[in-house]
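K.L.:
Attaching a predicted model along with its sequence, questions to come.
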Amino acid sequence: MQHAPAARPLLASALSAALALTAAACSTGGRAADRPAGTTSATAQSPAALPSPAVPPALTREQARAALITEADLGEAWEPTRGAATWRDEVLKATAEHPDCGRLLDVLYTEELFGAATAPRASVALDDAAGGAQLHFRITSHRAAGIDRTLAWLATLPDTCGRFTARSANGATRDARVTGLALPEAGDARQGLRVTVSAEGAEGAVLTVDLVAVRVGDDAISLTNGGPGEPADDATRAAVEVGTERLVEIRRQGRAQV
C-alpha cells in the first residue's frame, strides 16, 4: 500500500500522453489519410469495383423529365406512343438455356437493365408510325460502379450469346443473334448491342432491337429501339446524342443550384 501514491502520478502521466496524441490526431485531420498510396496495403481494384468518389445529389423527377428526348428529336415519323407494341410479347417473352442469354431476353422485355429494384427517374416511349418501330428511353440514378458493372456485362454478350436459341412459352423456337453496336462518343461510358430474333428456318428477321446504356456520372440512360426489320440507326444515334447532352446540361444546372 505504501507504493500506491506513486502509481497515481504514473497513471495521470499515461492519460495525459494519450490525450495529447488524440488531440494531435484531431488537429491534423489524421496523418494516415495523407499517407502516399504506395505505403498502404490495400488491394488494387478495377475502376468498376470502386465506389464513386463523390456522388452528386440524385436528380429530382422534374429534372429527369426535363432531360428526356421527345419525338421532335428523332424526326417527322416519330410520335408519342399509342401503347406497348404487340411484338414484345410475341418475340421477347422467351427463355434461353444460357443464363446470360435468358437475362438479356428478360432485360429486353422488362426494360429493367439495372434491376427491378432500381426504378427509373423518368421514361418516355415513342413510336415510328411509318416503320412500326418503338423506342423506349429511360433515365435512372444509380451508383457509377453499379452502372459500369452492367456495361461490362453487356460487353460480354456478343461472345457469350452471339447466337442462341430462344424458346417461347408455347414451345416455339427462334434463332437469336447478338452483335456489338457502334455508338457516338457520349457520356462517361457507353455500351450498345443489336439483337436480331428470327423464326426458326425463316429467312426474314422477325424483330431487331438496339439496346444501349450510357453513364453520365451516377446517372444512366438506357434505351431500346426495336421493330420489324432493322431499327433506324439515325434514331438510335440521335436518342443517344441528344439525350446525353440534355442530361449533362440538367446535371450541370442542378449542381449550380446546390
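P.N.:
Structure received. Residues are numbered from 1 along each chain as shown.
K.L.:
For the stretch 151-258 of the chain, just list every one of the strands.
P.N.:
With DSSP state E, counting those that start in this stretch as the criterion, the stretch 151-258 of the chain has strands at 163-168, 173-180, 189-199, 205-216, 219-227.
K.L.:
List of residues touching the shortest one?
P.N.:
Same thing as strand 163-168. Strand 163-168 is contacted by residues 90, 93-98, 101, 105, 173-178, 197, 200 when judged by Cβ atoms under 8 Å, 6 or more residues apart in numbering. All C-beta atoms are positioned from the backbone trio N, CA, C, and that covers glycine.
K.L.:
Now stretch 164-174: buried residues?
P.N.:
In terms of neighbour count (16 or more other Cβ atoms under 10 Å), stretch 164-174 has its buried residues at 164, 166, 174.
K.L.:
And the residues you listed, which is closest to residue 77?
P.N.:
Of all those, residue 174 has the smallest distance to residue 77: 27.3 Å, by Cβ to Cβ.
K.L.:
what's across from the residue nearest to that closest one when sequence neighbours are not counted in the sheet?
P.N.:
Excluding the flanking residues, the one nearest residue 174 by Cβ to Cβ, 6 or more residues apart in numbering is residue 166, at 4.7 Å. Applying DSSP bridges to residue 166 gives these bridge partners: residue 96, residue 174.
K.L.:
Same question for residue 226.
P.N.:
Under the criterion used (DSSP bridges), residue 226 bridges to residue 134, residue 209.
K.L.:
tell me which element the residue nearest the centre of the chain falls in.
P.N.:
What sits nearest the mean C-alpha location of the chain, by Cα atoms, centre = their mean, is residue 147, with 3.6 Å. Per DSSP states H and E: residue 147 is located in helix 144-160.
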